[in-house]
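Enquirer: Whatever this is, show me its structure:
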Amino acid sequence: MAYTLDHVMMRVEDDEAALDWYTTHLDYEVKGEMDGGDFTNYFLGPEDMHEDGAILELTYNHGDHSYDMGDAWGHIAVRVEDVEAAYAELMDEGVEDYRPPEENPGYAFVKDPDGHEIEIVERDHGARWSIDHTMIRVEDATEALGYWTRTFEYEHTGRWEADSFANYFMKPEGAADEEMAVELTYNYDGRTYDMGDAWGHLCVRVDDLDDAWDDVMTRESEDYRDPESCDHNYAFTKDQDGHEIELIER
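Expert: As a prediction, the model looks like this:
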């Protein structure tokens, strides 16, 4: 079972403003919409994204809501062919200047209207602005690496170990370059993190929801929201730090 990363979910306070930002600046299109009564989910991505590429889910809870960003979730990263040119393009369009490429050779950061950080990375594969990875912070790198390897059969696709932190990139074995990775960031100083509620979950897609859930439970992941409690449409577990992970059948 591949456990391909299907999407990452963020909560937004103003759906019209969020949709306008992503469709204008990242050239995303709305690929699906789900009305849940008191909330709406929007699914977005580039027009020519890879068949196994990940999409962005924006969740809008109707009414007035504000969200806490926390620090257990870091960012999504999107692909471009030239970071400096892409950043200059966004600045010309009026996007707020946050972390320009001259401060971070090889990458840069902007924020969406709700404050979610978006890294811009240079890649020679994948559609422009497609999601390259989602970064989450973990309190124990050994536990986190073991969790993704054991629970979802992921493998390293890259690592960067610096003086004060390390980044580990994980994907299913045999994943296409265009698929989204999960980046595990481990800071060596023993800090703890606040989950907040501005970020929702990562989602992995499976061939058979019940079989996949049984495997995840056998591998001792948290029994958070089982398929039966979700009308067998999806299910949720959590990693060792509490990041929610949705399982969905495609």
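Enquirer: ok, now which ones touch the closest residue to G115 other than its chain neighbours?
Expert: Leaving aside its chain neighbours, G115 sits nearest to M69 (5.6 Å; criterion: Cβ to Cβ, 6 or more residues apart in numbering). The C-beta positions use only the backbone N, C-alpha and C, and glycine is treated the same way. By Cβ atoms under 8 Å, 6 or more residues apart in numbering, M69 lies in contact with G115, H116, G196, A198, W199.
Enquirer: which one of those residues has the most neighbours?
Expert: Neighbour counts for the contacts of M69 (other Cβ atoms under 10 Å) peak at W199, which has 25 neighbours.
Enquirer: if I pick that residue, what's in contact with it?
Expert: Neighbouring residues of W199 by Cβ under 8 Å, 6+ apart: V8, M9, M10, R11, M69, G70, A72, W73, H116.
Enquirer: just to revisit the earlier point, tell me the SS of the residue nearest to G115?
Expert: Secondary structure state of M69, per DSSP: H, G, I helix; E, B strand; the rest coil, is coil.
Enquirer: That one and E13: what is the separation?
Expert: Computed with Cβ to Cβ, to the nearest Å, the distance linking M69 and E13 is 12 Å.
Enquirer: Count the neighbours of the closest residue to H125 other than its chain neighbours for me.
Expert: Leaving out its chain neighbours, the residue that sits closest to H125 by Cβ to Cβ, 6+ apart is D177, at 4.4 Å. When counting by other Cβ under 10 Å, one arrives at 15 neighbours for D177.
Enquirer: How about T59?
Expert: 18.
Enquirer: bridging residues for it?
Expert: On the basis of DSSP bridges, T59 is bridged to R11, N41.
Enquirer: helix or strand right after the strand or helix carrying T237?
Expert: Applying DSSP states H and E as the criterion places T237 in strand 234-238. Using DSSP H and E, the helix or strand that follows strand 234-238 in sequence is strand 244-249.
Enquirer: and that next one, which strands flank it?
Expert: When DSSP bridges is applied, strand 244-249 pairs with strand 199-206 (parallel), strand 234-238 (antiparallel).
Enquirer: between those strands, which one is nearest to R150?
Expert: Among the strands paired with strand 244-249, the nearest to R150 by Cβ to Cβ is strand 234-238 (12.5 Å).
Enquirer: re the thing from before, tell me the buried residues in the strand holding T237?
Expert: Y234, A235, F236, T237, K238 (16 or more other Cβ atoms under 10 Å).
Enquirer: can I assume the last one is in contact with S221?
Expert: Okay, so that is K238. Yes: counting by Cβ atoms under 8 Å, K238 sits close enough to S221 to count as a contact (7.4 Å).
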